[in-house]
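S.K.: next input, structure requested:
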Amino acid sequence: MNSLIRNSKQVRQSIDFTGVENNKIHPTDIDFVFEFDNNILILGEVKRLGNNIPTGQRLVLERLVDNWKGNSIALKVVHNHKDDDTDIPLVDCYVESYYFNNEWSKPKKYYSLKEFINELGKKWKNNKCKF
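M.R.: Model (predicted):
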């Protein structure tokens, strides 16, 4: 299977925010976004096991979810990938918590990211939201 990343070296390059910050306010990123039929929005942030989503980044995720006109959710996905020289396989990550209906919750059981998204597809009755 071909990787979706064309140039892993470029993906690893940091972006220097110097000059576009205002005290603690600066650009943030979202690690992955799925959007289905202008109705479902799934935002995801990937963190190493034990790391938290910084406050500003968490607020951006929450505000985007809260203002989406349809089904939306933000996921905190974690990994325990220890090899800094290889890419983190998203398919091997699991959902540690999610933001839905104005609150962060933990899944009732272990879900890989793929399993969690498949469950959302069933819940929200969208066959495209399945892997």
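
S.K.: could you list every helix and strand in contact with the strand or helix carrying Ser72?
M.R.: Element membership for Ser72, per DSSP states H and E: strand 71-79. In this structure, strand 71-79 packs against strand 40-48, helix 55-67, strand 94-100, helix 113-123, with contacts taken as 3 or more C-beta pairs under 8 Å, 6 or more residues apart in numbering; DSSP states H and E. C-beta coordinates here come from the backbone N, C-alpha and C atoms, glycine included.

S.K.: among the ones you listed, which comes closest to Asp87?
M.R.: For the helices and strands packed on strand 71-79, the distance to Asp87 is smallest for strand 40-48, at 11.2 Å, taking C-beta to C-beta.

S.K.: what number of residues lie near the residue nearest to Pro27 when sequence neighbours are not counted?
M.R.: Excluding the flanking residues, the one nearest Pro27 by C-beta to C-beta, 6 or more residues apart in numbering is Phe17, at 5.7 Å. Neighbourhood size, Phe17 [other C-beta atoms under 10 Å]: 10.
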